[in-house]
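> requesting a structural model of the entry that follows:
(one chain, ligands or ions: 1)
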Amino acid sequence: MKIMIINGPNLNLLGKREPEVYGNTTFEEYFSHLQMTFKEVQLAYFQSNIEGELIDKLQEVGFTYDGIILNAAAYTHTSVGLGDAVKAISTPVVEVHISNTFKREDFRHISHISANAKGVILGFGLKSYDLAIRSFL
Ligand code: DQA
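Have a look, this model is predicted:
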């Protein structure tokens with residue numbers, strides 16, 4: 001089982017960025033924890049602040065991996081291109097958010113990803129990624 005986690009803009013700052021919303025843990029630390037928890041899963045991780053690089057990665061892994069976990073961060077709410085990429089590939093995508101975007105500003109209630117995702121998990125902090133992996137098992 002091969003699962004790729006793709007994180008979008010500003011998620012490289014986890015641990016430093018708005019800790020009251022996103023917590024104190026870096027994604028690298030959490031990724032190690034995920035690797036220990038899911039030893040039977042081949043987990044890969046990619047982060048970019050650049051929309052086109054996220055689309056390139058979806059296209060690159062989207063026909064061979066068993067699952068993709070996508071937190072497109074702010075591009076969730078703006079990117080038709082990312083939504084189209086999720087629709088174009090054959091690997092199922094689970095959309096993830098650390099925060100409960102529906103408790104936040106109105107512009108975060110729109111997602112260009114959800115309609116083409118297998119499912120959406122949000123609001124459980126970093127545990128959202130753990131739950132997303134379990135959804136593929
Ligand atoms: C986020 C929610 C988005 O609205 C925001 O732009 C992010 C992170 C989350 O994981 O809660 O950068 O995707």
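> so the lowest-mean-pLDDT helix or strand in the chain, near the ligand or not?
None of the helices or strands of the chain scores lower by mean pLDDT, DSSP states H and E than helix 19-22, at a mean of 94. No. If you take CB under 6 Å from any ligand atom as the test, helix 19-22 misses the ligand, and the best it gets is 6.8 Å. Every C-beta, even on glycine, is put in place using the N, C-alpha and C of the backbone.
> show me what from the chain comes close to the ligand.
Applying CB under 6 Å from any ligand atom, we find that the chain lies next to the ligand at 10, 71, 73, 74, 76, 97, 98, 99, 101, 108.
> change it to 5 Å
Proximity of the chain to the ligand, by CB under 5 Å from any ligand atom, involves residues 73, 74, 97, 98, 99, 108.
> and those residues as CSV, adding neighbour count?
As requested, the residues of the chain next to the ligand are exported to CSV (neighbours: other CB atoms under 10 Å):
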residue, neighbour count
73, 18
74, 15
97, 22
98, 22
99, 17
108, 17
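> wait, doesn't residue 58 sit right on residue 69?
No. Using CB atoms under 8 Å as the test, residue 58 is too far from residue 69 to be in contact (11.6 Å).
> give me the common contacts of the two.
Contact criterion CB atoms under 8 Å, 6 or more residues apart in numbering; residues shared by residue 58 and residue 69: 6, 93.
> secondary structure class for residue 95?
strand (DSSP: H, G, I helix; E, B strand; the rest coil).
> pLDDT of stretch 89-103, averaged?
Averaged across stretch 89-103, pLDDT comes to 98.
> let me fix that, I meant to ask about stretch 41-48.
Regarding stretch 41-48, the rounded mean pLDDT is 98.
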